[in-house]
Structure formats: structure tokens, C-alpha cells
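Peer 1: following is a predicted model, sequence given first.
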Amino acid sequence: MTVWSDIDRGWSSARARLRTAWRWGADTSPGADETRAAKAARAAQLRGDPAFQTVHWGLIVCGGIVAALLIALATLDWNTMRGPAARWASLRTGRTVHIDGDLHVHIWSLTPRVEVNGLRVSNTDWAGGGDMIDIGHLVFDVRLLPLFGGHAKVPLIDVENASFRLVRDPQGRENWNFGNDRDNAPLRLPPVKHFIVRNAQLSITDERRKLVFTGTINSNESAKGQGRGFWMTGNGTLNREPFTADVRGAPLLNVDESKPYPFTLDVRAGATHIVADGTVTHPFDFGALQAHTVMSGNTLADLYYLTGLVMPSTPPYALTSTFSRDGQTYRLDDLTGRIGHSDLSGTLVVDASGERLFLTGDLHSHHVIFDDLGFLFGGGKGRNSAPKAPAPSQPAKSAKGMITVESGASPVSLYLPDTPLDVDRVRQMDARISYAADRIESQDLPLRRLSMRLSLDHGVLIFDPLSLTLVKGRIDGTVRVDASRDVPATALDLRLRDLSLDQFSPGQNPPPLEGMVEARAKLAGTGNSVHKTASSANGTFTLVVPHGQIRKAFAELVGIDLINGGLELLTGDKSSTNLRCMVASFDAHDGLLSARRVTFDTDVVSATGQGSVNLKNETLNLTLSGQPKKFRIGRLDAPIEITGSLQSPHVGVDASKALPQAGIGVALGVFAAPLAALLPFVNPGLADNADCGALVAQADARGVPVKKSVHHRAAIP
């Protein structure tokens, strides 16, 4: 400190004396007070001053040091600096850095050039060790003058014979992140005038996304013809599916940081195809992008590998949007297109600033084909099913003696969807989406509209509210899927309100069954698919028709009145009778729905049911036994049985239970009078009316509120 203080004081004194000497030397007027000899004497005195001598020699020493440094740099063998440079880089990155080849620095320029051969950066142990980066030959230029203003400009980057190995483990650790914290900041590169990559090998293993990519990258710039501009291509395989990428841009030589840089992008990954035409707002800050995008593919779920967004398994799609990025926020505005045969429009926004992506959006459809909505009900793009058997051309007798009087579609192995929910994906993203469909077209269900609000938070997926509007009636409720557990747990509470039965028999006048249905399902189960969840379901299901009308012929057949019901069907009699009430209440335990109470009461027949529905194998085992309320001849004393599968139920009469009755009739006809043979088929009709008021009240207590209309009160004496 003392030496530098002396130099400073000496320099200050010398400057004062020099200023004085300058004034003396400049004074040449005839009236000058001193002679030239006096001036020379003072100059000699100044040169002998110790302060002047200190500054003088200090300048000489500094000049010598600079000259020696320049000579050293000019004659330096830069290979001797490979070790110190590699150690400095290792300290900065926390990884071992090697420079195995030659190192050259061309420093005598305002744009120095650095050439490195055999540059290697080691991998982490958890990522498999070895080298993360191996570059055979690297050349880059840097402009010096902009660096003094805090800006970096790189006229050239040239990479040859390189390989990059990127790894992310299931916990989200990234070997390309050289810090301890996850860095979500967008990539920002200085303006590059010439970017060349020759046969760079890229390997990406993302265990979190279940993604494996291997491929080759090349880039260069063409300065001739109509293809003038920058281009970069990549090709390889993504999860064993072909992958290609083609990026085109304006000539890099004309890059201006104050003007947007135009580019086009064309990516194909298997059946997924993404095309973008946009600009980088401030080259090359990739945190500010805008582009018109076109996306298509077999299912939206495949976008997960390219974007990290968790999308459902949908039918083939084709969507266009205006894409923009602002830092950690990505937007898809003016989203329009089709999923399957259904239209879709709206806006999606992704916030990538947190630990997990957060997706928000407002989506809307004008016209939807119901089959395209299978993903909302856990069905994905299809259901597991067995080959269909040909439908029987006539009633057949089963091995159990079942006489089939009605059959549905051909049987399949599973009716409830068994498409598994990928819980690992669900846990990686949060979301809040609203969706509405104005019109739903379905061949099997009288649906009209759908609206729902979806939220996903730390693996817990909730549909609340979920509303389906039918032609006459609606289904409202909530569904909660907790996928934060090893085995997802699902709980649903759905209410069926004011469902009119006549809408299920269009074109029939009058409909065979009329009335308003009220129902509630409150079930909970575990499993990674709808079928597995139903197989473990616990809870209750209750259905009520408080009043209505039923075709008299069908009501008689419920009591197996072969003469009255059969004749009415044969003669085309369409007269109706009152349906006083119908109540079906089931308790679910471990996937088995057991009938707690089944009552079917009309003016002519009263029936009760029993049995179960097994959701594990999706089979039915229900019986309905009816008793006439009036004197009847020709009644067969055998219950109606509903068996088969959910997909293909069979309704019939168990012939084995009617044989004793038929045998007695035959015996009486042989050994007694012919009229006596009718006695076993005679029923005095003593069945009582069911207490519909009490039954409806019980259903109301189980969460099925029934509107007490005037017609309802009149129908229940």
C-alpha cells in the first residue's frame, strides 16, 4: 500500500510540475520574465525530482509488461493451457472436463477464434457415467468490442463429430442441469451469424416420460439460389417410431436483434405431425416466440412425448392454433379443428414456471359424435373385446334350459372400458379445464349436451360439476380419481333426474313404457381402469319410477300370463295400464351389486325381484316373479330371468321351473277331465298393491329425491 501511495502522490506532483513547465514553455511573449537558460534549469530540476522519476519509470515498467505479454501471447503454445483451461471449466460446471486434442486461440483480431479438439464433459454417476458431451472438433468466434457493452455476438459456431447424451431419471434429475436446482428459464443464445453442425449424435433417455430418442443432427446455411437461408435437420427414432425434424430460417448473416427472425418447423414422430410457421421475437431469445401451428396424429396422448402435456387417448385429430411463448407461459389461442368426427375450439395455456406443468383452458364443441368422447369415460380409443359371434336367428334354448325371448348385441368379453390410466403421467402435471358440447349425436343414447369442469392437482383428478343433458332428463354429479396413490381410488356420485322412458322407444306410438326415472349411484372403488374400479366397487345404487304407463300386454307377461299377454301381443293390442311404481335398490360390495329391493307394481300385476350383478365378470343373474291382481287362466308359474352379460343380456323363462306345473296339467288331462288340465294354470289374482308411497320414501332417504306430483299422489291409493 505504501509503494502505491507514493506512486500516486508522485504522479500528482509530477502532473502539477508538468503543467507548470508547459505554461513556461508556452510563454514566448516579449515580456517574459525568464530567459531560456532559466527554463532549461527548471526542466533539469524537474527531471531530478523523485516523484517525476517514479512516474517515469512506472510507465516504462508497465509498457514493458504489456509488450512482454503480447510477445508471450504471440509465441504461446496454447496446448500448455489445456490443463488450466479444463480445470477452470470443471470448477465452473461441477463436471470433469477434458481437452484431449489441440487447443488453438487466434487472438490477434477484434474477433478472436478458438479451436478445440477432443473436448469431453463427463456424465454423472446416476446417469450412467461415461461422457455426457464428446466433441471431436469445435470452432467458435467471439467479437470483442460488444463484450465491453455487456453483449455477446458469435459470428461462428462449428461443431463436428460430436455426441450428446441427455438423461432424466424418474425423480426429475437432469444431467444437463449443472446446478442443484431445476432451471426453467428459456434458452437464450447470442446472435449467431453462421451455425454449423456436422453429424452430431444425440441420445435422450427420459425415464420420467418413458421416452427414448436416438438420432443425428445437421445444420448449415445455403447462400445460393431460392433455398438461401439457415436449415437444421434431425432424424432418428422416438420410442422406436420414426422421427424427423426440419427447421428452416432466414439467412443468419442478416440477423438483427431488434427485428423478429422468421422460421418454419416440421416435426414427425410416428403418426404425430406438427408444422409451425413463426418468428423469434428477439433473436435468439427462445422465451419469446409466435407461430401458426398445425397438429395432427392418431391420438392426443402421443403429444406427451414431444410436449410433456398429459392428454387423453382420443380418436385421430387435426388441430390448428396460434402458438405463442412469453417466458414460462405457452399459449394456444384460436384453437380449432376436429377430434374424430367432432369439432373442437378454444384456448389452452401452459405455465411451466413451477415444479410441474400447469394447464388451463376453455374448450367448446358445437357438434360431437358420442363415440369420440370415449376418453371421458375411461374408454380411450377402444375397448377390449372378444370377436363377435353371429346373432341367433331364432329363440334358442341354453344349456341351463333358458328360453331366450329377447337378446341384445353379440356378446363381448368386457363392456366397461379397461383402458389403464397412466398414473405416472397424471402426477406430473396440474390442470384446470372447462368443456362444453352444444350437441351430442348418439345412436344408442338420447344425449343432447355435455358440460364439465376438470381439475388435476398433484395426481387428484376431479370432474365437478359433470352434467349430461338428455332429450328428456339429465345426469349430474361429481367424479374423483385419486391417482396420487399406488393404486388409483375412484369415487363417484351421480344423479339421474327427470329421465323420460318414452325417449328410448322412438317411433312407437304409444311407447311401451312411459314414466319419469329418478336414480342415484354412489360408488367407490380402486383400480387403474373403469373395469377394475367397478370390480372392487362399494356403495349403493337406487332407481325409482314413481308413476307411469306400461303396455298391458307386457305387464301381463311379467306375470307370465300366456293367454292374456300372448293374445294381446298377437292381436296388436296397444292398450296401457298404470305403472303404480317401480323401485330397484342395490347394495354394492367388492364389485357385486346385490338386489336389496326390486318392486314392479302395475294395476294388473305386482312383481318382486332378486339377484345380483357381478361387475368383476360383468354378468347378470336377476329374477322377477310376478303375481296377477285379477283372476287369470293360462298363467305359467315361472319367474322371468335376466342373465348373460352387460353387453348382451338375455331375458327369458327358466323352463325347468315350469315343468312341474306343466306335468301336473298333463296328468290331470289324462286321468281326469280335460278342463281339469287347466287348473294348474289358474290364478285367483289375490296379489295386493305394493305400498308405493313407502317405497318411494325409502328411495328418497337413499338420496333419490322424487318429485311429488299430483299424478303421483293419485296413482298411489
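Peer 2: Done, it's in.
Peer 1: C-alpha from now on. contacts and neighbour counts both.
Peer 2: Fine.
Peer 1: contacts only, for Gly308.
Peer 2: Contact partners of Gly308, counting by Cα atoms under 8 Å, 6 or more residues apart in numbering, are Arg209.
Peer 1: how about Gly611?
Peer 2: With Cα under 8 Å, 6+ apart, Gly611 has these contacts: Ser594, Ala595, Asn621, Leu622, Thr623.
Peer 1: strand partners (parallel or antiparallel) of the helix or strand hosting the last one?
Peer 2: It refers to Thr623. Secondary structure from DSSP states H and E places Thr623 in strand 619-628. Here strand 619-628 has these sheet partners by DSSP bridges: strand 605-614 (antiparallel), strand 640-645 (antiparallel).
Peer 1: in CSV: these, plus distance to Leu523 and mean pLDDT.
Peer 2: CSV is the format used below for the strands paired with strand 619-628 (distance: least, Cα to Cα, whole Å; pLDDT from 0 to 100):
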stretch, distance to Leu523, mean pLDDT
strand 605-614, 14, 86
strand 640-645, 20, 82
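Peer 1: which parts of the stretch 301-450 of the chain are strands?
Peer 2: Secondary structure of the stretch 301-450 of the chain (DSSP state E, counting those that start in this stretch): strands at 317-326, 329-339, 342-351, 357-369, 402-407, 429-441, 447-457.
Peer 1: just the buried positions in the fourth one, please.
Peer 2: Neighbour-count burial for strand 357-369 flags Leu357, Phe358, Leu359, Thr360, Gly361, Leu363, His364, Ser365, His367, Val368, Ile369 (criterion: 16 or more other Cα atoms under 10 Å).
Peer 1: the fourth one against Arg432, yeah?
Peer 2: Same thing as Thr360. Yes: at 4.8 Å, Thr360 and Arg432 qualify as touching, with contact defined as Cα atoms under 8 Å.
Peer 1: residue contacts, Gly172?
Peer 2: Gly172 is in contact with Arg208, counting by Cα under 8 Å, 6+ apart.
Peer 1: same thing with Leu470?
Peer 2: Leu470 makes contact with Pro446, Leu447, Arg448, Arg449, Leu499, according to Cα under 8 Å, 6+ apart.
Peer 1: of all these, which two lie farthest apart?
Peer 2: Maximum pairwise distance among the contacts of Leu470 (Cα to Cα): 14.4 Å, between Arg449 and Leu499.
Peer 1: related to what we said a few turns ago, between the buried residues of strand 357-369, which is closest to Asp256?
Peer 2: Compare each of those with Asp256 using Cα to Cα and the shortest gap goes to Leu357, at 32.7 Å.
Peer 1: quick check, pLDDT for the closest one.
Peer 2: Looking at Leu357, its pLDDT reads 91.
Peer 1: what do you get for Gly236?
Peer 2: On the pLDDT scale, Gly236 gets 93.
Peer 1: right, and it touches Val212 too?
Peer 2: No: taking contacts as Cα under 8 Å, Gly236 lies outside contact range of Val212: 10.5 Å.
Peer 1: specify which residue of these two has the higher count of neighbours.
Peer 2: A count of neighbours by other Cα atoms under 10 Å puts Gly236 above the other of Gly236 and Val212, at 20 against 17.
Peer 1: ok, the more buried one - contacts?
Peer 2: Going by Cα under 8 Å, 6+ apart, Gly236 touches Phe213, Thr214, Gly215, Thr216, Pro242, Phe243, Thr244.
Peer 1: assign a three-state SS to Arg485, would you?
Peer 2: Assigned by DSSP: H, G, I helix; E, B strand; the rest coil, the conformation of Arg485 is coil.
Peer 1: what's around it, how many residues?
Peer 2: 13.
Peer 1: what about it, distance to Gly527?
Peer 2: Per Cα to Cα, to the nearest Å, Arg485 is found 10 Å from Gly527.
Peer 1: just the helices in the stretch 151-300 of the chain please.
Peer 2: Assigned by DSSP state H, counting those that start in this stretch, the helices in the stretch 151-300 of the chain number zero.
Peer 1: quick one: the strands in it?
Peer 2: Counting by DSSP E, counting those that start in this stretch, residue ranges of the strands within the stretch 151-300 of the chain are 154-168, 192-206, 211-222, 229-238, 241-249, 261-269, 272-280, 288-297.
Peer 1: packing partners of the fifth one?
Peer 2: With contacts taken as 3 or more Cα pairs under 8 Å, 6 or more residues apart in numbering; DSSP states H and E, strand 241-249 sits against strand 229-238, strand 261-269.
Peer 1: just send the ones you listed back as CSV, with distance to Gly83 too.
Peer 2: Below are these laid out as CSV (distance: least, Cα to Cα, whole Å):
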stretch, distance to Gly83
strand 229-238, 34
strand 261-269, 39
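Peer 1: alright, I will stop here.
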